[in-house]
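A.B. asks: Structure, please.
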Amino acid sequence: MRLWRIVLALAVLGIGVTPAWACACGGYLPDAQSRARAYGENAFVRQDAGTEQITLSMAINGESKKAAWIMPVPAAAKVELGDSELFYRLNQLTRPKTVIRHTYWPFRNVGLGRSDSAGSAAAPGAGVNVRQQMVLGPFQVARLDGSSGSAVTDWLRTNGYVVPATLAANLTPYLSEKWEIVAVKLAPKRAGETMYGATPPLKLTFASDRIVYPMRLSKGATTPQTVTVYVATAHRVDATKSPSAEVKPELLFAGRVEDAALTAPADYLTAYTATYNEPGRISDDFTFAAAANDDSFQRVDYVTRNDGSWSTIGVLVVLLGAVVVLVWRLSTGRARRRA
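C.D. replies: Numbering: from 1, shown residues only. This is a model prediction of the structure:
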């Protein structure tokens, strides 16, 4: 458990604890006695030859002794533990590059002024088919489908999940489209211990001819949610559908990179982030498609460095010379008047 906590802490530090990872689709369900909430999610989406992989980790604000999350996927999914260092590496690959801009203004960075700098994740009830149940690390996983949202939530409630009032209605669109529901319990290995920070990554692999990241369940969230999605495929991608028409995803990075998770042909990485201050307005999933070109993009942090030492010395020399000349002229003028 101590090692797990260290991994979680490092994951949070490496990814950056800006509100940036949501319960996958707003389906984070903490225990009733807990005040813990998921406030963001980081997702790695890899698509190649009709197969999509989603690796997800959540950031948790607060502690809970048990919790769960719900993830809809468009086809039967293989579920396994993900790479614990993946999101740290992705964060490093996509972080802004620093560009130093030099200036030579005098009297700065010499103790007389200050420099300027700019800066630009039990048995089934009626109407539910449980396809598989398994234990993966701290996760208890169930893959299921159902005839209705209420049938699925009844199963979840019977099997110890916390079920918010809005979950059945929010699941209904996915079930009507014959999506599979992956229900995941998170529980510490020892009784009495609590979970916090970032959850270990979980990877889901399923058939899909399009690149989709489910987000419609996030409309059930009660706090602002931020999601960062890293998409690995053969080409740069555009976000063709966004969870909310009112929020435009921000492009963080685009380019070909070298990483164990990005093997050819899916070695082009595009990263987007978006914050949903009003999750209730979310109405769709993320979908991505090939962009018009593979132009690369990387954010830039500009730092202005003032190398004003020599210009300061030059100004001081000129001023000193002017003072000497002025003193000399004044003294010469006085001598002449006396004469």
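A.B. asks: Okay, strands next: where are they in the stretch 51-200 of the chain?
C.D. replies: 51-64, 67-73, 78-81, 97-103, 128-136, 139-146, 180-186, 195-198 (DSSP state E, counting those that start in this stretch).
A.B. asks: looking at those, which is closest to Val257?
C.D. replies: Of all these, strand 97-103 sits nearest to Val257, with 13.3 Å by CB to CB. C-beta here means a position set from N, CA and C on the backbone, and glycine is covered the same way.
A.B. asks: What is the closest one packed up against?
C.D. replies: If you count contacts as 3 or more CB pairs under 8 Å, 6 or more residues apart in numbering; DSSP states H and E, strand 97-103 packs onto strand 300-306.
A.B. asks: Tell me the strands beside the strand it packs on, with direction?
C.D. replies: Strand 300-306 sits in its sheet next to strand 97-103 (parallel), going by DSSP bridges.
A.B. asks: Flag every buried residue along the strand it pairs with.
C.D. replies: For strand 97-103, the neighbour count (16 or more other CB atoms under 10 Å) marks no residue as buried.
A.B. asks: by contact count, what packs against whichever strand or helix holds Leu252?
C.D. replies: Using DSSP states H and E, Leu252 maps to strand 250-256. Where contact means 3+ CB pairs under 8 Å, 6+ apart, strand 250-256 is packed against helix 86-94, strand 268-276, strand 297-298.
A.B. asks: now for the last one, which elements pack on it?
C.D. replies: This means strand 297-298. strand 250-256.
A.B. asks: hmm, back to that, identify whichever of the helices and strands packed on strand 250-256 lies nearest to Leu186.
C.D. replies: helix 86-94 (17.2 Å).
A.B. asks: mean confidence score for the closest one?
C.D. replies: Averaged across helix 86-94, pLDDT comes to 94.
A.B. asks: And for stretch 283-291?
C.D. replies: Mean predicted lDDT for stretch 283-291 stands at 96.
A.B. asks: Name the residues of it that come out as buried.
C.D. replies: Result for stretch 283-291 [16+ other CB under 10 Å]: buried residues 285-288, 291.
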